[in-house]
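Enquirer: Requesting a structural model of the entry that follows:
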Amino acid sequence: MSHDSQKSHVFVARQPIYDIELEVYGYELLYRGSGGQAGAQVEDADLATSQVMLNTYMEIGLERLVGLRKAFINIPRSFIDGSLDIPLSRHQVVLEVLEDVAPDAEVIAGLEKLAKRGFTLALDDFVYRVGLEPLIELVDLVKVDIQQVSRDELQHIVSKLKGRRMRLLAEKIETQEEFDFCKALGFDYFQGYFLARPSVISKKKLPNNKLVNLQLLGRLQEPDVSFEELGELVSKDPSLSIKLLNYINSPVFGLAKPVSSIHRALELLGLNTLKRWVAVLVLFGLSDKPSEVFRTALIRAKLCESIAERLKRPNADEYFVLGLFSLLDVLLDNTMEEVLGLVKLPDNLASALLAFEGDEGEVLAMVLAYEQADWDALAGFALTEDVLTGHYLDALQWAEEAMVDIH
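Expert: Below you'll find the model as predicted:
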């Protein structure tokens, strides 16, 4: 992306925060500079926080970024002592007090005012010391960077804080073992690279029931599959039948009378829509990964489909499946090669997933480049960043609604 093009864009990164059930509780909204690069260097904390607030509320929209979940935003001293105002909704925002903010009288008074206004307050990168007690008494949540403290220190922090009114959040979790350790200690919320992007274990064997469902996924994509065969396949799986009926009876369809017949549900959905949603529901039943992984799969699916429609590509439904299946390796803890040895997808989808080949591969590569803010790579594609941003935000909203319908 050119310098002039970068200046015309806004960037906010978001990282999911999970509860004890691995459901997304909220997202930390992070400053990104003009190029949107990950790990942006923050030289002016006031400017960074102001930019996050501006981009979130004025440019993109809080609802489109976090839905109904909490939005965690870092605030430096000037937003606490009243030097700068916080033009945010107190009902949905968690204000994270940065670790370098000294707990002096001015800061304590500022936090008391924010608490009275109804804001949820958190301490970021917390390491216990007696001098922080005045802050601890005011906040609702304490975030501990587990990479900055030893296991003994971590246990000491939990012993000091557990049982008080605030909740505890472990951040910078990078492994399954770290997650299990923090969960056992009694943390309430969890954040980190491991949870946001689950690692792939390429040699893990799939249980038999997953093999059956994978075969069903493959059959769904074959052009000769009939309406009657799909109805029979769905009816054989009670869980899938219930989920499909829940979906058809969800508010999105606005039916006057609830549908209780699988056959009637299939008639209302139609063959293409049926294939799509059965694929989604089967995929969701295959894995116990955090919901954010499924949400990402839905976003990719809708984004691939909308890009294909924009480019006037035939069979846009196939592009939806392409995006949906692009996380099969993560969902099933296997390499994509191993998974596709079991799913038996059409050649065009398989080659797109494995090597970004063909028209489908081009669209998937475009979606992943946008997702990773790789603007140099995007410069070689047919759609501009502005166009992709519009499609992405629409896909984000659609995925949020779909997650509610599915569950």
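
Enquirer: which stretches of the stretch 51-200 of the chain have low pLDDT?
Expert: Low-confidence segments of the stretch 51-200 of the chain (pLDDT under 70): 51-63, 83-85, 87-89, 196-200.

Enquirer: the helices in it, which residues?
Expert: Assigned helices in the stretch 51-200 of the chain, in chain order: 62-66, 105-116, 133-136, 151-161, 176-185, 193-196 (criterion: DSSP state H, counting those that start in this stretch).

Enquirer: Among these, which comes closest to residue 244?
Expert: helix 62-66 (28.0 Å; CB to CB). Quick note: C-beta positions are derived from backbone N, CA and C, even for glycine.

Enquirer: Which parts of the stretch 201-350 of the chain are helices?
Expert: 208-220, 227-235, 238-248, 262-269, 271-286, 291-310, 316-325, 328-332, 336-343, 347-355.

Enquirer: Any idea how many residues pack against residue 192?
Expert: Residues near residue 192, counting by other CB atoms under 10 Å, number 23.

Enquirer: same thing with residue 116?
Expert: 8.

Enquirer: The one 10 residues further on too?
Expert: Using other CB under 10 Å as the criterion, residue 126 is surrounded by 25 other residues.

Enquirer: Can you name the residues that contact it?
Expert: Residue 126 makes contact with 99, 132, 142-145, 157 under the criterion CB atoms under 8 Å, 6 or more residues apart in numbering.

Enquirer: Swap in 10 Å and give it another go.
Expert: Contact analysis of residue 126 by CB atoms under 10 Å, 6 or more residues apart in numbering lists 97, 99, 132, 135-136, 139, 141-145, 148-149, 157, 161, 168-169, 171.

Enquirer: what does residue 141 give?
Expert: Taking CB under 10 Å, 6+ apart as the criterion, residue 141 is in contact with 17, 70, 72, 94, 96, 120-124, 126, 166-169, 188-189.

Enquirer: Which ones among these map onto strands?
Expert: 17, 70, 72, 94, 96, 120-123, 167-169, 189 (DSSP state E).

Enquirer: For residue 26, grab phi and psi.
Expert: Reported as degrees, to the nearest 10, the phi and psi values for residue 26 are phi -170, psi -180.

Enquirer: bridging residues for it?
Expert: residue 17, residue 70 (DSSP bridges).

Enquirer: Next, find the distance separating it from residue 111.
Expert: Noted for residue 26: a distance of 20 Å to residue 111, by CB to CB, to the nearest Å.

Enquirer: do residue 394 as well
Expert: Relative to residue 111, and taking CB to CB, residue 394 is found at 38 Å.

Enquirer: higher neighbour count, the two?
Expert: residue 111 (24 against 15).

Enquirer: Quick check: closest non-adjacent residue to the more buried one.
Expert: residue 138 (4.9 Å; CB to CB, 6 or more residues apart in numbering).

Enquirer: okay but that neighbour is in contact with residue 112, surely?
Expert: Yes - if you go by CB atoms under 10 Å, residue 138 and residue 112 touch, sitting 6.5 Å apart.
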